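S.K.: Sequence plus predicted model, see below.
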Amino acid sequence: MRICVVGTGYVGLVVGVCMADLGFEVVCADLDEGKIARLRDGHVPIYEPGLQPILARCQREGRLRFTTDTAAAIADCEVAYIAVGTPGKADGSADISGVLAVADVIAANMARRTVVVIKSTVPVGTADKVRERIGPNARHPFDVVSNPEFLKEGAAVDDFTRPDRIVVGCREPWAADRMRSLYAGFVRSGRPIYIMDNRSAEITKYASNAMLATKISFMNELSRVCESVGADIEMVRRGVGSDTRIGPRFLFAGIGYGGSCFPKDVRALVDFARDAGVELQIASAVETVNHDQKRVLARKIVDRFGEDLTGRRFGIWGLAFKPQTDDMREAPSIVLIEELLERGARVSAYDPEAAETAHAVLGDRITYARDATDAIDGADALLLVTEWNEFRNPDPPVLAQLLREKVVFDGRNIYDPQAMRDAGLEYHGIGRL
């Protein structure tokens, strides 16, 4: 089965590489000539563990190609994935113009019966719009399949090849059969494929991300209650997470979520629900809580050091929105750093992978440290922002020697408060005793 993937961003590249690894012939198409040239040379433009060696192997074995000729790639395929970006507009709605532009190219170049698979995250009703764009000009049978992705950055290869479930929205039985055949290798161990209508599949993606974001924001809001009444959110988390009806995942309090999915998808869900005449009060509150949570660490710093931070230097560990990625989109670190700079502070920061992408956002307004020690040597405080593994087990006495003011702000609650205090450090967590 020949597959074309249009769009070589995060989702498209993972889809293309992983499908080629399953033995399919895959061509990935993109208009960005520079990106395609780098991919042909084996350079992966994103940091995603495990992706580069698979890409190199599939290229070497002839199952994976990259091209800027989208029309030719579509003409040669039986399954065409649409995996272009759907950025959020100023009003919170998703911009699907890129998806519709690809639909036009498919309509003009489809050379056989084709399954058109929307992998981009799109609002409810997008599959219908893609059908309307392709239908009048289609010379061959086709169906539009809504096949949302459920990938975590930093674990995308594993998530794609070992999915919890596969969601397929379509109309035609033959399209459902082809999708079952396409993903047969993923479900041999019993993982389900859910066949449904397009609109149900489209909303499943948004509902999943909004539910996970809700758990995060709920615990973040609860952490403020814990601080007010003298409770420990970590103890609460363990008690709540042991309930099998709730489960332990996504219950960690911190300084808010970021990335390309949760913020955009929660806003888009609220927006298209409003267009349908429904006000999603819970989802709206989730976004409001997260917006405020990103400022919690800055408020703690101001409470400790005062509004005027002139002459102070803060060492930050972690810049990416989460570990195992270099993605800076809507990262809490950006909000924190902007507030510190606005108050006159200097910032030195270290991230194992995100320095380059962070520089594109923050420029030379901060210092990019060589390593974790360099970031905090002589700083007034350590600010733990992203919980990379290398930050998880520092030696508290060494921290006490390096830090001028011996203060630690743990934005992810990964340290033992008592161990820090025993070493003479002043510890501030999120909702912790």
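M.R.: It's in.

S.K.: worst-scoring helix or strand of this protein, pLDDT-wise?
M.R.: In the chain, no helix or strand scores lower on mean pLDDT, DSSP states H and E than helix 156-161, which sits at a mean of 89.

S.K.: Any buried residues in that helix, and which?
M.R.: Within helix 156-161, the residues that qualify as buried are 156, 157, 159, 160, counting by 16 or more other CB atoms under 10 Å. All C-beta atoms are positioned from the backbone trio N, CA, C, and that covers glycine.

S.K.: Now do the contacts for residue 68.
M.R.: Shown in contact with residue 68 (CB atoms under 8 Å, 6 or more residues apart in numbering): 29, 30, 31, 32, 33, 36.

S.K.: which of the residues you listed lies closest to residue 70?
M.R.: residue 29 (4.2 Å; CB to CB).

S.K.: How about the backbone phi and psi for residue 145?
M.R.: phi -110, psi 130 (degrees, to the nearest 10).

S.K.: Is it bridged to anything, and to what?
M.R.: Following DSSP bridges, residue 145 is listed with bridge partners residue 117.

S.K.: Is it correct that it is in contact with residue 119?
M.R.: No: the pair residue 145 / residue 119 is not scored as a contact, 9.3 Å apart, by CB atoms under 8 Å.

S.K.: Which one's more surrounded, these two?
M.R.: A count of neighbours by other CB atoms under 10 Å puts residue 145 above the other of residue 145 and residue 119, at 29 against 23.

S.K.: Summarise which helices and strands the next helix or strand after the least confident helix or strand of the chain is packed against.
M.R.: Moving toward the C-terminus from helix 156-161, the next helix or strand (DSSP states H and E) is strand 166-169. With contacts defined as 3 or more CB pairs under 8 Å, 6 or more residues apart in numbering; DSSP states H and E, strand 166-169 has these neighbours: strand 142-146, helix 173-182, strand 193-196, helix 198-229.

S.K.: neighbouring contacts of strand 166-169?
M.R.: The contact list for strand 166-169 (CB under 8 Å, 6+ apart) reads 127, 145-148, 176, 179, 183, 186-187, 191-202, 204-205.

S.K.: Try it again at 6 Å.
M.R.: 146-148, 179, 183, 193-198, 201, 204 (CB atoms under 6 Å, 6 or more residues apart in numbering).

S.K.: Next, the angle strand 142-146 makes with the helix or strand harbouring residue 102.
M.R.: Using DSSP H and E, residue 102 maps to helix 97-109. In terms of direction (axes from the mean of the first three to the mean of the last three CA atoms, to 10 degrees), helix 97-109 departs from strand 142-146 by 160 degrees.

S.K.: Tell me which other helices or strands helix 97-109 touches.
M.R.: Packing partners of helix 97-109 (3 or more CB pairs under 6 Å, 6 or more residues apart in numbering; DSSP states H and E): helix 70-75, strand 79-82, helix 126-134.

S.K.: Deepest in the core, which of the ones you listed is it.
M.R.: Burial of the helices and strands packed on helix 97-109 is given as mean neighbour count (mean count of other CB atoms under 10 Å); strand 79-82 ranks first at a mean of 27.

S.K.: quick one on the thing from earlier: for residue 301, state which of the contacts of residue 68 is nearest.
M.R.: Nearest member of the contacts of residue 68 to residue 301, counting by CB to CB, is residue 32, at 39.9 Å.

S.K.: Just read off the phi/psi values of the closest one.
M.R.: Residue torsions, per degrees, to the nearest 10, at residue 32 are phi -80, psi 100.

S.K.: Can you show me the helices along the stretch 201-350 of the chain?
M.R.: Assigned by DSSP state H, counting those that start in this stretch, the helices in the stretch 201-350 of the chain fall at 233-241, 262-275, 281-293, 296-305, 332-342.

S.K.: which residues touch the shortest one?
M.R.: Identification of contacts with helix 233-241 by CB under 6 Å, 6+ apart yields 223, 226, 246, 248, 251, 253, 413, 431.

S.K.: Give me the distance between it and the centre of its chain.
M.R.: 25 Å (CA atoms, centre = their mean, to the nearest Å).

S.K.: wait, which of the helices of the stretch 201-350 of the chain is closest to residue 64?
M.R.: Nearest to residue 64, of those and by CB to CB, is helix 262-275 at 28.5 Å.

S.K.: other SSEs contacting the closest one?
M.R.: Partner elements for helix 262-275 (3+ CB pairs under 6 Å, 6+ apart): helix 198-229, helix 281-293.

S.K.: Name the spans of the protein whose pLDDT lies under the cut-off.
M.R.: 189 (pLDDT under 70).

S.K.: how's it carved up into domains?
M.R.: Using automatic domain parsing, the domains assigned to the chain come out as 2-196, 206-292, 294-428.

S.K.: The shortest one: end-to-end distance?
M.R.: For domain 206-292, the first and last residues are 22 Å from each other (CA to CA, to the nearest Å).

S.K.: all strands for the stretch 301-433 of the chain, in order.
M.R.: 313-317, 346-350, 367-368, 381-384, 407-410, 426-428 (DSSP state E, counting those that start in this stretch).

S.K.: and the ones you listed as JSON lines, adding distance to residue 14 and mean neighbour count?
M.R.: JSON lines is the format used below for those (distance: least, CB to CB, whole Å; neighbours: other CB atoms under 10 Å):
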{"stretch": "strand 313-317", "distance to residue 14": "27", "mean neighbour count": "26"}
{"stretch": "strand 346-350", "distance to residue 14": "27", "mean neighbour count": "22"}
{"stretch": "strand 367-368", "distance to residue 14": "28", "mean neighbour count": "17"}
{"stretch": "strand 381-384", "distance to residue 14": "29", "mean neighbour count": "26"}
{"stretch": "strand 407-410", "distance to residue 14": "32", "mean neighbour count": "24"}
{"stretch": "strand 426-428", "distance to residue 14": "37", "mean neighbour count": "18"}
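
S.K.: Among these, single out whichever gets nearest to residue 108.
M.R.: Of those, nearest to residue 108 by CB to CB is strand 367-368, at 46.4 Å.

S.K.: did I read that right, residue 65 in a strand?
M.R.: Yes: the assignment for residue 65 is a strand, going by DSSP: H, G, I helix; E, B strand; the rest coil.

S.K.: Need the max-distance pair from the contacts of strand 166-169.
M.R.: 183 and 197 (18.4 Å).

S.K.: and these two? which has more neighbours close in?
M.R.: Neighbour totals were compared for residue 183 and residue 197, and residue 183 leads with 17 against 12 (other CB under 10 Å).
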